[in-house]
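J.: I need the structure of the sequence given here:
(one chain, ligands or ions: 2)
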Amino acid sequence: MADSRSAQQRVDVVIVGAGFAGLYMLHRLRGLGMTARVFEKGDGVGGTWYWNRYPGARCDIESMDYSLSFDDELQQEWQWSERYARQPEILRYVNHVADRFDLRRGITFNTLVTAATWDDEASRWLVETDTGERVSCQFCVMATGCLSVPQAPRFAGLESFRGPWHQTGLWPHAEVDFSEQRVAVIGTGSSAIQSIPVIAGQAARLNVFQRTPNFSVPAHSRPLDPEYERQIKANYAEFRKSARESRAGFVVATNANTDTPTLEATPEQQRQEYEARWAHGGFGLMSSFSDLYTNLDANETTAEFVRAKIRETVRDSAVAELLCPRDYPIGTKRLCVDTEYYETYNQEHVTLVDIRSAPIVEITPGGLRTTEAAYELDAIVFATGFDAMTGALFAIDIRGRGGVALRDKWANGPQTYLGIATAGFPNMFLITGPGSPSVLSNMMVSIEQHVEWVSDCVEYLSERGIATLDPTPEAEERWGEHVYDEGHATLYPLANSWYMGANIPGKPRVFMPYIGGVGAYRKECDEVAAKGYDGFALA
Ligand code: FAD
Ligand code: N01
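T.: Ligands and ions are numbered 1, 2, ... in the order given. So this is what the prediction gives:
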């Protein structure tokens, strides 16, 4: 039997990750006649939707938008059941995509890519895995996900806890039953806000441990209106085009951006606009006026509108005040989209614990202790977020020209050209990497755009016999300044968000995504390609 540790296979491309990005990348490369292998650490496809099986998980972009557009038959045939699809349905969809395009045979599951090393002489990457495989490839595509490395809970005494504990981002595949249990949820970000109402529906007692409250708007999810579906499907090409040219990667007619600055509207006009968007549900609230992300006074009118909604909804006024965010502008941490989140706090068996004023000291065998009180618990849910955007890349020992480690190059924050490549790491592509619209957009639009740009690029190079493509340091620096300027022209840097790396101890505080909008960004990428990959050195 061949020893897989010493054997070295050669392919054109290695793709790391089998979420939507890795799957579509494989499909495109096959279309070019290239050989490709995908490595995936999970035992199935789907990435985010494979790992995040917590109760209540669903998307916050509407299903008709949060779906692949590259194949018309696929988008015409697939039927979403709800306005916002739940995790099991999205996982079924992504599995359907894998089967429909015969992608599974290209994927090696249960395999972690541990290292990728550039060999300058051979102009190839050597990719290594935890199963001992060594694969040589001309191109390496990191489709590793922006929210794929959950932050490990670091609480003293956790190992002593007698009951089960779970992380939302690594949820067990077997059903978790909270009935009759005293449960803690730690964290109040999107994952917690989705899961809390569902866990409250099962548990005997639920304590929510909140450090920082988040702004949340109602999803008003419901069965997908067949007439709406028919209209979109009759005109899907136009619908997708508008999304690609938009700022955030989706456009919902009733939620269109306005050009009016907030303070030019009277308080009554503001209220009417906010009420209409609140009633519609979803992210539209933040496009009520033109300056909500740039003008603090304008932003405060929206923030106060949401705080008033919280006070109206939550009967205990002290709890309502605790749930009102005050120390960052609305929208500068990702807005949450919920189903009866605030209402949950009206239930007798649900308690909000403020761990800002009384932090958690330790987990004990029978529960948890803060500086003020002890809580008896049967199970703990950590909804404590992700090492976003760079976590999955740094988990791989990536070494570019001269053996330079990506972790060292990016020690003070990510540096990329277009968020798609980084100088000194030739022929390596980052799907939805830092410096691209990525997590600020409908990710489906951004993933498709990157995958298509990368496959066009690889085709261009192959047709011309060009061995390597590497961003020039000058182009990378210019792009970095542009990303910085755009980000810092907004209110985003005022928040301690994961966009800023602020949720991970020791992570540099840098606003990582590009906020210029997916439409403008796509144009920029297309121009770079049209000019023969301007800003890249081709050799
Ligand atoms: P992922 O889906 O994260 O897939 C990356 C894959 O790479 C993973 O399966 C991982 O196991 C694998 N991998 C990583 N490193 C390695 C390695 N070293 N070796 C082997 N395999 C590796 N976006 C939206 O636009 N709308 C939404 O409504 C939305 N909802 C979300 C809800 C949740 C709970 C979360 C966490 C994210 C959500 N997102 C949403 C963002 C979401 O991550 C993207 O929409 C999209 O699914 C990302 O796809 P991807 O293929 O780029 O990455
Ligand atoms: O993570 P988060 P998430 N002690 O980082 C708290 C996407 N997503 O998994 O703010 C106590 O937002 C932390 O508190 P603080 C979406 O893009 C989408 O919820 O640091 N608390 C915070 O409350 C989203 O933005 C959906 O003070 C600690 C929470 O944990 C992104 O994924 C659903 C703590 C983490 O919130 C991440 O969301 C789910 C500690 N030591 C996810 N450490 C949709 O709706 C952290 N916290 C589609």
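J.: Tell me how many other residues surround the closest residue to ligand 2 within the stretch 51-200 of the chain.
T.: Across the stretch 51-200 of the chain, no residue is closer to ligand 2 than residue 189, which sits at 2.1 Å (CB to the nearest ligand atom). All C-beta atoms are positioned from the backbone trio N, CA, C, and that covers glycine. Other residues lying near residue 189 total 21 when counted by other CB atoms under 10 Å.
J.: pretty sure it is touching residue 338, no?
T.: No - taking contact to mean CB atoms under 8 Å, the distance of 11.3 Å between residue 189 and residue 338 leaves them out of contact.
J.: how close does the residue of the stretch 51-200 of the chain closest to ligand 2 get to residue 28?
T.: Using CB to CB, to the nearest Å, one obtains 33 Å as the distance from residue 189 to residue 28.
J.: ditto for residue 513
T.: As judged by CB to CB, residue 513 and residue 28 stand 23 Å apart.
J.: And the two? Which one has more around it.
T.: Legend: neighbour count by other CB under 10 Å for residue 513 and residue 28, higher for residue 513 (25 against 20).
J.: Settle this for me: the more buried one is touching residue 433, isn't it.
T.: No - with contact taken as CB under 8 Å, residue 513 and residue 433 are classed as non-touching, separated by 9.4 Å.
J.: what sits in contact with each of the two?
T.: Taking CB atoms under 8 Å, 6 or more residues apart in numbering as the criterion, residue 513 and residue 433 both touch 389, 419.
J.: what does the stretch 401-539 of the chain have sitting close to ligand 2?
T.: For the stretch 401-539 of the chain, the contact set with ligand 2 under CB under 6 Å from any ligand atom comprises 439, 498, 503.
J.: in the stretch 251-400 of the chain, which spans are helices?
T.: Remark: helices of the stretch 251-400 of the chain, listed N- to C-terminal, are 267-280, 296-313, 317-323, 341-344, 391-394; assignment by DSSP state H, counting those that start in this stretch.
J.: should've said the stretch 401-539 of the chain
T.: Assigned helices in the stretch 401-539 of the chain, in chain order: 406-409, 443-463, 473-488, 518-530 (criterion: DSSP H, counting those that start in this stretch).
J.: Contact partners for residue 195?
T.: Remark: with contacts taken as CB under 8 Å, 6+ apart, residue 195 is in contact with 54-57, 168, 185, 381, 383.
J.: neighbours of residue 73, just the number please.
T.: Here the count is done by other CB under 10 Å, and residue 73 has 8 residues near it.
J.: Quick one: classify it as helix, strand or coil.
T.: With DSSP: H, G, I helix; E, B strand; the rest coil as the basis, the three-state label of residue 73 is helix.
J.: wait, residue 240 sits on residue 69?
T.: Yes - the pair formed by residue 240 and residue 69 meets the contact definition of CB under 8 Å, at 4.5 Å.
J.: Neighbour count: the two, which is higher?
T.: Between residue 240 and residue 69, residue 240 has the larger neighbour count (other CB under 10 Å), namely 23 against 18.
J.: Figure out how far whichever strand or helix holds the more buried one is from the centre of its chain.
T.: Mapping residue 240 onto the secondary structure by DSSP states H and E places it in helix 236-245. The chain centre lies 21 Å from the centre of helix 236-245; the measure is CA atoms, centre = their mean, to the nearest Å.
J.: That one: which residues count as buried?
T.: Residues of helix 236-245 classed as buried: 236, 239-240, 243-245 (neighbour count, 16 or more other CB atoms under 10 Å).
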